[in-house]
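In: the following block contains a protein sequence and its predicted model.
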Amino acid sequence: MQVRGLLLLLALVLLTAAAEAGKNKKDKAKKSSSECEGWRWGPCTPNSKDCGLGYREGTCKDETKKLKCKIPCNWKKKFGADCKYKFESWGGCSAQTGVKTRSGVLKKALYNAQCEEIVYVTKPCSSKIKSKSKGQSAALLA
């Protein structure tokens, strides 16, 4: 019987400690939150080179904060990492310029970024000529 009582006491102590730890986390979150609601955030500045981990600074009245952020290394520098666009399919290849074009419509502007509503991107046309699949050529032979 003493072993059972000891186990029950140990379980009670562990539950109490877990509840106190949860309270401390909630208290810390409340202390770090700000009363200010008009935060203005700057662009994400990478720690080194032009992509990867970095930080962005925010200001509200006389308060300043820094948030961790990340710029993907394949981002479109022309548009900024905080402007997210939905792109349509690539258009046909222009024989005159040798490039194909597509447009993107602004989907989301993060951290109050100044973004263009519509953007256009181009890329060189592929020099490869796509061959017909085996299934189509077999049908022609039959």
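Out: Cool, the structure landed. Residues are numbered from 1 along each chain as shown.

In: rest of the way, CA atoms for contacts and neighbours
Out: Will do.

In: so where's this protein uncertain?
Out: Scanning the chain for pLDDT under 70 picks out the ranges 1, 3, 5-34, 75-77, 128-142.

In: list the buried residues in the strand ranked longest in the chain.
Out: Using DSSP state E, we find that the single longest strand of the chain is strand 99-109. By neighbour count on 16 or more other Cα atoms under 10 Å, the buried set for strand 99-109 is 99, 100, 101, 103, 104, 109.

In: pairing partners for it, with directions?
Out: strand 83-87 (antiparallel), strand 118-124 (antiparallel) (DSSP bridges).

In: return the most buried member of those.
Out: Each of the strands paired with strand 99-109 was scored by mean neighbour count; the highest is strand 83-87, a mean of 17, by mean count of other Cα atoms under 10 Å.

In: care to break this structure down by domain?
Out: 37-72, 74-126 (the TED database).

In: any chance of those in a markdown table, plus distance to residue 4?
Out: A markdown table is the format used below for the domains of the chain (distance: least, Cα to Cα, whole Å):
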| stretch | distance to residue 4 |
| --- | --- |
| domain 37-72 | 49 |
| domain 74-126 | 57 |
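
In: can you pull out the strands in this protein?
Out: Going by DSSP E, the chain shows strands at 40-41, 45-46, 52-60, 63-71, 83-87, 99-109, 118-124.

In: which one of the domains of the chain lies nearest to residue 2?
Out: The closest of the domains of the chain to residue 2 is domain 37-72. By Cα to Cα, the value is 52.5 Å.

In: end-to-end on the closest one?
Out: End-to-end distance for domain 37-72: 28 Å, by Cα to Cα, to the nearest Å.
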